[in-house]
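A.B. asks: Below are the sequence and a predicted model; questions follow.
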Amino acid sequence: MRALVEVARTGSFTLAAERLFVTQPTVSKLVRQLEEELGQTLLRRAGRHASPTDAGRLVLAHGETLLAQAAQMVAELSELDGLVRGELRIGIPPLGGRVFVTMLGEFRRRHPGIELKLFEDGAKAIEAALLAGELELGGLLQPIDHARFDCAPLAADQLVLVAPAWSAWGQRDTVRLAELADEPFILFAPGFALNDRIFDACRSLGFTPDVVGRSGQLGLILAMVRGGIGVALLPRSEVALAGRDGLAVCELGDIVIPWEIVLGWPREGYLSHAARAWLAMMGEG
């Protein structure tokens, strides 16, 4: 069931295999066995892409509930040991991951018996994993659905233009986003909610960004910008930490694209002792 959920979530058997830490043939075999057991075709395969059939959507609706209930059962069983042992599953977005480092160290010092299991992906994937019960806490990008999630603030900033230092923007401190209509853009990997914010901002000014590359790693994005492949819109603080050598960094003068990371958890979900201890630790700050 977890294999089916991951394939449906990513649209790819290969990406699902990476997330499950198994081989692609293993994922295909698991899904095929489930289809044979249920007597239904659950996924529509088109080349490398896979999407759920009508039967698949029905099974997924029940499957995600079953997985969430199984995760809750494990969490409740771990409560029998208090904070002596157990695990805490946290989703950490690649952008903004630095804000977790100090907290991870402090939590580990306070509760050495709790294993910290970290899930690194974009905010959209973290949100889905929270709702499926695969994670207890996770970094989300505002705005979030407050009917489904509670949250606590982590970091707030706004996006700036990052371009090669030798480019036309190298001598500018400020640029209007509308001036970038003809520039090639480097965006984030699928699953990053920040892509939607950037597209919405560009479309509000009458253009759609020309995407020439994508990555989920800040270092690779900056390397592609330095290499002249395209420009990027990134949080000011993240660029400052990574270093500005070979880069031009310009404020956006005609629009503000906010970047606000919060720690989120399902409003109706179950929080283990470990998760509650993490939130209490945050509240002390």
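C.D. replies: Nice, thanks for sending it over.

A.B. asks: Do you know the pLDDT at Glu79?
C.D. replies: The confidence metric pLDDT takes the value 59 at Glu79.

A.B. asks: next one: the one 3 residues further on
C.D. replies: Among the per-residue scores, Gly82 holds a pLDDT of 57.

A.B. asks: Please apply the same query to Met1.
C.D. replies: 86.

A.B. asks: Gly285 too?
C.D. replies: pLDDT, Gly285: 59.

A.B. asks: can you check Ala240 too?
C.D. replies: In this prediction Ala240 is given a pLDDT of 84.

A.B. asks: next one: the one 10 residues further on
C.D. replies: Per-residue confidence for Cys250 comes out at a pLDDT of 94.

A.B. asks: Next one: it from Ile257, what distance?
C.D. replies: To Ile257, Cys250 is 13 Å away according to Cβ to Cβ, to the nearest Å. Bear in mind the C-beta positions are built from the backbone N, C-alpha and C, glycine included.

A.B. asks: ditto for Arg57
C.D. replies: 34 Å.

A.B. asks: Can you pick out the residue with more neighbours from Cys250 and Ile257?
C.D. replies: For Cys250 and Ile257, the more surrounded residue by other Cβ atoms under 10 Å is Cys250, and the numbers stand at 20 against 17.

A.B. asks: which helices and strands sit right next to the helix or strand hosting that one?
C.D. replies: Per DSSP states H and E, Cys250 falls inside strand 247-252. Under the contact definition 3 or more Cβ pairs under 8 Å, 6 or more residues apart in numbering; DSSP states H and E, strand 247-252 sits against strand 149-164, strand 174-175, helix 218-226, helix 236-242.

A.B. asks: Can you tell me the closest non-neighbouring residue to Glu260?
C.D. replies: Among residues not flanking Glu260 along the chain, Gln142 sits closest, at 4.0 Å (Cβ to Cβ, 6 or more residues apart in numbering).

A.B. asks: re the thing from before, how about a markdown table for the helices and strands packed on strand 247-252, with mean neighbour count and distance to Glu106 added?
C.D. replies: Shown next, in a markdown table, are those (neighbours: other Cβ atoms under 10 Å; distance: least, Cβ to Cβ, whole Å):
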| stretch | mean neighbour count | distance to Glu106 |
| --- | --- | --- |
| strand 149-164 | 19 | 14 |
| strand 174-175 | 16 | 39 |
| helix 218-226 | 19 | 24 |
| helix 236-242 | 16 | 20 |
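
A.B. asks: which one of those lies closest to Arg98?
C.D. replies: Counting by Cβ to Cβ, Arg98 lies closest to helix 236-242 out of the helices and strands packed on strand 247-252; the figure is 6.5 Å.

A.B. asks: Now do that closest one: everything it contacts.
C.D. replies: Residues from elsewhere that reach helix 236-242 (Cβ atoms under 8 Å, 6 or more residues apart in numbering): 95-96, 98, 155, 157-160, 162, 218-219, 222, 247, 249.

A.B. asks: how far does that helix sit from the chain's center?
C.D. replies: Distance, stretch centre to chain centre, for helix 236-242: 19 Å (Cα atoms, centre = their mean, to the nearest Å).

A.B. asks: Output that helix as PDB, nothing but the C-alphas.
C.D. replies: Output of helix 236-242 as PDB, limited to C-alpha atoms (Å, rounded to 0.1, in the frame of the first residue of the first chain):
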ATOM      1  CA  ARG A 236      17.800  36.500   0.900                       C
ATOM      2  CA  SER A 237      19.000  34.800   4.100                       C
ATOM      3  CA  GLU A 238      19.700  31.500   2.400                       C
ATOM      4  CA  VAL A 239      21.800  33.200  -0.300                       C
ATOM      5  CA  ALA A 240      23.700  35.100   2.400                       C
ATOM      6  CA  LEU A 241      24.600  31.900   4.200                       C
ATOM      7  CA  ALA A 242      25.600  30.100   1.000                       C
END
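
A.B. asks: that older thread, just to check, the residue nearest to Glu260 is in contact with Pro258?
C.D. replies: Yes: counting by Cβ atoms under 8 Å, Gln142 touches Pro258, with 7.2 Å between them.

A.B. asks: okay, the angle between whatever helix or strand Ile261 lives in and strand 149-164?
C.D. replies: Per DSSP H and E, Ile261 falls inside strand 258-266. Relative orientation of strand 258-266 and strand 149-164, computed by axes from the mean of the first three to the mean of the last three Cα atoms, to 10 degrees: 150 degrees.
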